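Asks: dropping the sequence and predicted coords here.
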Amino acid sequence: MHASLSTPALLAETVAANLLPLYFALLAGALALAASTLLSWRRLRPGGAASAARIAGAGALGVALAGSVFALIATAVTAGHALTEFDDTLVTALSATQPADTLRVFARLTHFGDTATLTALGIGGALLLAWRRHLVLAATWAAAIAGNALLNVSLKALFERVRPVHDHGITIETSWSFPSGHASGTVAAWGIAAYVMLRLLPSRWHLPVVLAAVAIAVTTAVSRVVLQVHFASDVLAGMASGAAWLTLCITLSELLRRRVP
């Protein structure tokens, strides 16, 4: 392999050759960022309640940032940017380098984002919250998971990107590729689960809950690339669209909570 990483193809080959170390480094970085963000938020606002205006502003900023990331990736993919060269080379390199055992492990981990898993989580969580009389949270839970699913289907139909070839036989997908439904689904579903648990559980559970949600989202997203059922840009775009929808749902829930006695 060339020492230089000056081209997308060489970068993709390097990623494939160092897949597991990079995955664990990415996971560790995401967990550290999540932990530091939660702890910093506690220090800045120890028990204080943000005003509706601040919540609306922060939510609008979050949606705009995530939406902008999605738009940039979609533009690059549609225009045949260097990102697509990276996508294609990474799939080819992963197909040539990843052993069957690695694929089988990630094929199990990817079930966190399966339609059946997220549907069961959405229905079960919404019913439980409604039974416990947390009606706003139940509506938020259902809207986050079901709404994201509808958004993802619509985006797939809009872009109609064909999936990469994956002939290893361990996992087979046939729908459109962009953006990744598993990536967006885990961000939206496990993200809203974390939000609800932060609202309902004692503070000692907050950090474990956030770390678990982040670990599930990152691992599921990576699994789609490892299994070669999605291009890397599909996954990044899926996480961005899921984050935008999740932020919108949480923002509306927090605003509604301040109006409902």
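Replies: Received it, and whenever you're ready, just let me know what you need. Numbers count the residues shown, from 1 in each chain.

Asks: pull out the buried positions in the helix or strand harbouring residue 35.
Replies: Following DSSP states H and E, the helix or strand that holds residue 35 is helix 19-44. Residues 19, 23, 30, 31, 34 are the ones in helix 19-44 that count as buried (16 or more other C-beta atoms under 10 Å). Any C-beta I mention is one placed from the backbone N, CA and C, and that applies to glycine too.

Asks: quick one: mean pLDDT for the helix or strand following that helix?
Replies: Counting by DSSP H and E, the next helix or strand C-terminal to helix 19-44 is helix 52-78. Across helix 52-78, the average pLDDT comes to 92.

Asks: helices or strands next to helix 52-78 in the packing?
Replies: The helices and strands touching helix 52-78, judged by 3 or more C-beta pairs under 8 Å, 6 or more residues apart in numbering; DSSP states H and E, are helix 82-97, helix 135-159, helix 232-257.

Asks: cutoff 6 Å now
Replies: helix 232-257 (3 or more C-beta pairs under 6 Å, 6 or more residues apart in numbering; DSSP states H and E).

Asks: list the buried residues of the helix it packs on.
Replies: Buried residues in helix 232-257 (16+ other C-beta under 10 Å): 232-254.

Asks: same question, stretch 80-89
Replies: Those would be 81, 83, 84, 86, 87, 89, for stretch 80-89 by 16+ other C-beta under 10 Å.

Asks: output those residues in JSON lines; the columns should cover pLDDT and distance to residue 120.
Replies: Output for the buried residues of stretch 80-89, formatted as JSON lines (pLDDT from 0 to 100; distance: C-beta to C-beta, whole Å):
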{"residue": "81", "pLDDT": "76", "distance to residue 120": "38"}
{"residue": "83", "pLDDT": "87", "distance to residue 120": "34"}
{"residue": "84", "pLDDT": "89", "distance to residue 120": "35"}
{"residue": "86", "pLDDT": "91", "distance to residue 120": "35"}
{"residue": "87", "pLDDT": "92", "distance to residue 120": "32"}
{"residue": "89", "pLDDT": "91", "distance to residue 120": "37"}
